[in-house]
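Trainee: structure for the following, please:
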Amino acid sequence: MKRLLAADYARIFQLCHCWRADERGSRHLPEFTILEWYRSHCDYRALMSDCESLLRRLAPHEKISYQGQSIDLEPPFERLSVTEAFTRYTDTTARQALKDDRFDELIALSIEPHLGLARPTILYDYPAELAALARRKPGQPQLAERFELYIAGLELANAFSELTDPQEQRQRFNAEAKILADKTGQTVQLPEPFLDDLQQIPPAAGIALGIDRLVMLLTDAESIEQVVAFTPEEL
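Mentor: Residues are numbered from 1 along each chain as shown. Got it, this is the predicted structure:
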């Protein structure tokens, strides 16, 4: 889809299946459905507004009830930086959690359960080490322009201001390839056509939103297996 941005398709979306190994739980399946959309000439702030508009359209009364909680969808949603979230809900900082290899643990166990309970929460500005395909924040290069959307403690979407610097993207790919090689001995070929096209992409932002989890919220389903045709165990 980012290569389509490079070909001057300015507003694009797709509904698609994704697979992740070893993910299974009441909120996780190894196969799931996502909605992705990309917009050129904008950043992650525009996608925050997109999320607000989308959820209001899907819930005309501007409220949903999920597992006994009433959640107000009227914008603006809560904006909470990752730095603020660690200060509010943990006894450490995001930077120290990264050093201690506890970032994901604290997000999952100490922070996520507090997010999006009365109204949706947009958790934004992740450490640059967790930038993935996101660009660094201008003036604050230690942060990445990335956000995740939470409702009722459930992560619903992951979004970026897209990194469009092919040199920095190559460096990130090489760093990830080295980690993989050190762990598994597996070598990875870099996506050269993508890297070639990256320099043609205008400023842009992209987001992936979990459809199965969205249906869970809209139907008040306790478990993700209630909203799919077949679980892995039934195939």
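Trainee: for the spatially closest residue to residue 225 that is not a sequence neighbour, the count of nearby residues, please.
Mentor: Sequence neighbours aside, residue 231 is the residue nearest to residue 225 in space, at 4.7 Å (criterion: C-beta to C-beta, 6 or more residues apart in numbering). To be clear about C-beta, it is placed using only N, CA and C from the backbone, and glycine gets the same treatment. Summarising burial for residue 231: neighbours were counted as other C-beta atoms under 10 Å, giving 15.
Trainee: give me the distance from the lengthiest strand in the chain to the chain's centre.
Mentor: Ranked by residue count under DSSP state E, the longest strand found in the chain is strand 140-151. Chain-centre distance of strand 140-151: 9 Å, with C-alpha atoms, centre = their mean, to the nearest Å.
Trainee: what does stretch 118-138 give?
Mentor: 8 Å.
Trainee: what's the span of it, first residue to last?
Mentor: From its first residue to its last, stretch 118-138 covers 32 Å (C-alpha to C-alpha, to the nearest Å).
Trainee: scan this protein for its longest helix.
Mentor: As far as residue count goes, and with DSSP state H defining each element, the longest helix of the chain is helix 166-184.
Trainee: for that helix, packing partners?
Mentor: Packing partners of helix 166-184 (3 or more C-beta pairs under 8 Å, 6 or more residues apart in numbering; DSSP states H and E): helix 192-198.
Trainee: beyond the helix it packs on, next helix or strand please.
Mentor: The C-terminal neighbour of helix 192-198 among helices and strands, as given by DSSP states H and E, is strand 204-210.
Trainee: partners of that following strand, with directions?
Mentor: Using DSSP bridges, the strands paired with strand 204-210 are strand 31-40 (antiparallel), strand 154-161 (antiparallel).
Trainee: okay, buried residues for the longest helix of the chain please.
Mentor: Applying a neighbour-count criterion of 16 or more other C-beta atoms under 10 Å, the buried positions in helix 166-184 are 166, 169, 173.
Trainee: give me phi/psi at the residue nearest to residue 225?
Mentor: In terms of degrees, to the nearest 10, the main-chain angles of residue 231 are phi -80, psi 160.
Trainee: which pLDDT value belongs to the residue nearest to residue 97 when sequence neighbours are not counted?
Mentor: Once its chain neighbours are removed from consideration, residue 97 has its nearest residue in residue 103; the separation is 4.3 Å (C-beta to C-beta, 6+ apart). For residue 103, the model assigns a pLDDT of 98.
Trainee: try residue 235
Mentor: If you check residue 235, the pLDDT there is 79.
Trainee: same check on residue 28?
Mentor: Reported pLDDT for residue 28: 86.
Trainee: assign it to helix, strand or coil.
Mentor: Classification of residue 28 into helix, strand or coil gives coil, according to DSSP: H, G, I helix; E, B strand; the rest coil.
Trainee: list the contacts for the closest residue in space to it that isn't next to it in sequence?
Mentor: The spatially closest residue to residue 28, leaving aside those adjacent along the chain, is residue 224, at 7.0 Å (C-beta to C-beta, 6+ apart). Taking C-beta atoms under 8 Å, 6 or more residues apart in numbering as the criterion, residue 224 is in contact with 26, 27, 28, 29, 32, 212, 213, 216.
Trainee: from those residues, keep the buried residues only.
Mentor: Among the contacts of residue 224, those classed as buried by neighbour count (16+ other C-beta under 10 Å) are 27, 29, 32, 212, 213, 216.
Trainee: out of those, the closest to residue 122 would be?
Mentor: Set against residue 122, the nearest of these by C-beta to C-beta is residue 213 (15.8 Å).
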